[in-house]
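**Student:** Mind folding the following:
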Amino acid sequence: MDVTMTDFTLTGRLVGLRVLRESDLDALVAWWSDPRTLARQTSGPFVAKPAAEVAVTFRAWCANIGADVGLAVVELASGELVGQVALFGATVKDRCATLAVMIGAPHQGRGLGTDAVRTIVDYGFTELGLHRIELSANGDNPAALAAYRKAGFVEEGRRREAMFRGGRWHDVVNMGILAREHQAALRVEVFVADLDAFVDFYTRVLGFTLSDDRRATDSPYAAVALGTARIGAVRSWGDLELAVRSIPSGAELVLEVDDVEAAHQRAVESGWPIADGLAEQPWGLRDFRVFDPDGYYLRVTSR
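**Tutor:** Modelled structure (predicted):
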């Protein structure tokens, strides 16, 4: 299917978000009615509902009345419908909305959900004027929790064993992101000699996710993400004057993580040389330091 940017209300990196069409409903209803999806999307008992009733629910979610917004998610590369995303429940006083997202089972595992969440969150903060966006997720859904973290959400608490599903008790995880956290996302662009080495270091040693991979294009580029931190890289050494090619030794990149001990253990197990081991600093935080393949100095620290 051919698609153009004019088809979309919002455009992300991998997906576009547009108004719901009647032709979307058959797929959305089928995905929602799949027990695998219901197990992740609802907390109540499985109750079979007629397709027409589920379709009415999707129409209501996507009616876009007031500050509520619900949109169909379409993959840009293929033009295929892949899911639905919504922000709802915001009030003038509190400016806090709840996020809901569903990606059809056939389309999961390719970063489409993460991109849909990032796109709708950006819209919520920059256009709707929200102060906070929150969600609740099944603690037994690590893929969803990882996707929310990649989009900048932080875990704010757990309701331990608050949901009974599949014969077992599960935690319900509460997550949120504030406008100032979204706006304060770290975005660094660095020049590197080898994009493959850059990607390997940040993903394997420090646990970043490859968020943009254009290494095979005419203008090679790659970007990695961890929470709200974004580091992009371009192989441009040959275009720079010799005088500006050296890495500034008086600067460091500071990466704040929730569990610095786990980050340090990951780095050690990767076999990468540690410049300064994990230590308690006079200012009360624990950190360790490493040089990346191009000589950039990184301090990985507790918050």
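**Student:** Output the lowest mean pLDDT helix or strand found in this protein.
**Tutor:** Comparing every helix and strand of the chain by mean pLDDT, DSSP states H and E singles out helix 35-41 as the least confident one, with a mean of 71.
**Student:** Kindly export that helix (C-alpha atoms) in CSV.
**Tutor:** Once non-C-alpha atoms are left out, helix 35-41 reads as follows in CSV (Å, rounded to 0.1, in the frame of the first residue of the first chain):
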residue,chain,number,x,y,z
PRO,A,35,-6.6,-14.1,24.6
ARG,A,36,-2.9,-13.2,24.3
THR,A,37,-3.8,-9.6,24.0
LEU,A,38,-6.5,-9.6,26.6
ALA,A,39,-4.1,-11.0,29.1
ARG,A,40,-1.9,-7.9,28.7
GLN,A,41,-4.5,-5.2,28.1
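**Student:** Next secondary structure after the longest helix seen in the chain?
**Tutor:** Selection of the longest helix in the chain by residue count, based on DSSP state H, yields helix 112-126. If you walk from helix 112-126 toward the C-terminus, the next helix or strand you reach (DSSP states H and E) is strand 132-138.
**Student:** Put the alpha carbons of whichever helix or strand comes after that next one into PDB.
**Tutor:** Next along the chain after strand 132-138, taking DSSP H and E as the criterion, comes helix 142-150. Taking C-alpha atoms only, helix 142-150 is exported to PDB below (Å, rounded to 0.1, in the frame of the first residue of the first chain):
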ATOM      1  CA  PRO A 142       8.700  -7.500  30.400                       C
ATOM      2  CA  ALA A 143       8.600  -6.500  26.700                       C
ATOM      3  CA  ALA A 144       6.000  -3.800  27.400                       C
ATOM      4  CA  LEU A 145       7.800  -2.500  30.400                       C
ATOM      5  CA  ALA A 146      11.000  -2.300  28.400                       C
ATOM      6  CA  ALA A 147       9.200  -0.400  25.600                       C
ATOM      7  CA  TYR A 148       7.800   2.100  28.100                       C
ATOM      8  CA  ARG A 149      11.200   2.700  29.600                       C
ATOM      9  CA  LYS A 150      12.700   3.300  26.200                       C
END
